[in-house]
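Peer 1: Give me the fold of what follows.
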Amino acid sequence: MTTPPGWYTDPGQIPDHPPQERWWDGNAWTEHRRPAGFPPVPPPPPGRAGRGPLIAGLVGAVVLVAALAVGAVLLLGADDDESGPDEAGPEPGASAPKDPEEKEPAPEAPPSEEPELPTEPPEGDQPKPADGVRLPVLNGWEGSGGSVAIGTYKCPGDAHEKCLRGGSSIMEAEEKGSAEEIAGTDVERNAKSAYNADTYGGITSHKVLKKGKVKVAGQDGYRVRWKIKNKIKPDAYVESVAFEHPDGSGKMLVVRSGFDIHKDAPPLSDMDKLIDGISRGSAEDDGSRENV
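Peer 2: This next block holds a predicted model:
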């Protein structure tokens with residue numbers, strides 16, 4: 001499953017240096033960094049959206065989609081593409097004769113050092129990252145409080161893309177209603193987003209494994225968990241858990257999780273631990289409060 005684009009704790013953080021964040025574009029780490037603690041405003045993603053599971057969030061919703069201050073660091077290869085002319089231009093005032101048969105080359109766009117940060121999040125149907133709550137960073141997992149993930153591998157439908165064995169993101173609910181209504185509606189959206197047809201061939205069937213009330217950060221919530229079959233393996237478990245924000249605002253939040261069914265994927269019990277460990281706090285937390 002793929003982690004959604006977003007600012008996350010830099011996996012290449014140098015010890016004894018000020019903490020910084022790095023942009024995850026949905027597929028790989030880019031070279032864009034910023035000091036930790038900025039407001040959660042993403043830069044315009046330079047490439048195509050991330051593929052595979054996670055968490056749609058790991059997110060727009062926080063996404064967090066965000067990177068990692070844990071010891072075991074995964075650097076998801078981002079190619080350093082630098083473009084520019086191979087030779088310097090002609091001296092001022094100099095000119096060269098033109099061959100009438102020769103076509104004018106297309107002008108090259110000048111390379112940019114850093115993307116401009118927009119003042120508002122980009123438009124689209126991506127859910128909004130939740131603020132004021134955080135997921136635990138379980139042993140072996142990586143991420144920030146808004147989005148966590150584990151395990152990378154070449155996507156089954158595209159070996160040039162990176163997918164995740166497991167991931168979870170916390171975000172604002174996209175619709176209004178009770179926790180039961182929101183979780184029941186969101187789980188299908190979660191499944192199709194985390195295990196999209198381009199990467200996994202499409203979902204052929206699903207089975208409801210669990211649904212019912214659950215406590216989340218001291219609030220009444222509701223969970224719906226599916227087991228899905230994909231045309232292209234692996235199959236997977238997906239879950240959506242909806243609950244009211246513990247700040248008393250009445251805002252509804254949803255946690256989207258997705259785990260591959262694979263020997264290298266996390267145990268299904270981690271899905272319960274993630275929900276049990278949700279607490280109040282900044283979604284941009286660096287994950288130092290690890291749930292052991």
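Peer 1: can you pull the buried residues of stretch 156-172?
Peer 2: If you call a residue buried by 16 or more other CB atoms under 10 Å, then stretch 156-172 has these buried ones: 156-157, 161-171. Every C-beta, even on glycine, is put in place using the N, C-alpha and C of the backbone.
Peer 1: next structured bit after the lowest-mean-pLDDT helix or strand in the chain?
Peer 2: Least confident element among the helices and strands of the chain, by mean pLDDT, DSSP states H and E: helix 57-60 (a mean of 40). Going down the chain from helix 57-60, the next helix or strand is strand 133-134, by DSSP states H and E.
Peer 1: you'd agree residue 8 is up against residue 20?
Peer 2: No: at 10.5 Å, residue 8 does not count as touching residue 20 under the criterion of CB atoms under 8 Å.
Peer 1: low-scoring stretches of this protein, by residue?
Peer 2: Applying pLDDT under 70 to the chain flags the ranges 1-2, 37-127, 282-292.
Peer 1: Helices of that one, start to end?
Peer 2: 57-60, 179-194, 197-200, 269-276 (DSSP state H).
Peer 1: Nearest to residue 214, out of those helices?
Peer 2: Closest approach to residue 214 among the helices of the chain (CB to CB): helix 269-276, 6.4 Å.
Peer 1: So which bits of the closest one are buried?
Peer 2: Buried, per 16+ other CB under 10 Å, within helix 269-276: 270, 271, 272, 274, 275.
Peer 1: Now tabulate those in TSV and tack on distance to residue 253.
Peer 2: Shown next, in TSV, are the buried residues of helix 269-276 (distance: CB to CB, whole Å):
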residue	distance to residue 253
270	20
271	17
272	18
274	14
275	12
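Peer 1: re the thing from before, winner for burial among the helices of the chain?
Peer 2: Greatest average neighbour count among those goes to helix 57-60 (a mean of 34), per mean count of other CB atoms under 10 Å.
Peer 1: quick revisit: closest one to residue 176 out of the buried residues of helix 269-276, please.
Peer 2: Comparing those against residue 176 with CB to CB places residue 275 closest, at 21.8 Å.
Peer 1: and the gap between residue 136 and residue 17?
Peer 2: As for residue 136, its distance to residue 17 is 26 Å (criterion: CB to CB, to the nearest Å).
Peer 1: Throw the helices of the chain into JSON lines and include distance to residue 248, thanks.
Peer 2: Below are the helices of the chain laid out as JSON lines (distance: least, CB to CB, whole Å):
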{"stretch": "helix 57-60", "distance to residue 248": "24"}
{"stretch": "helix 179-194", "distance to residue 248": "16"}
{"stretch": "helix 197-200", "distance to residue 248": "39"}
{"stretch": "helix 269-276", "distance to residue 248": "20"}
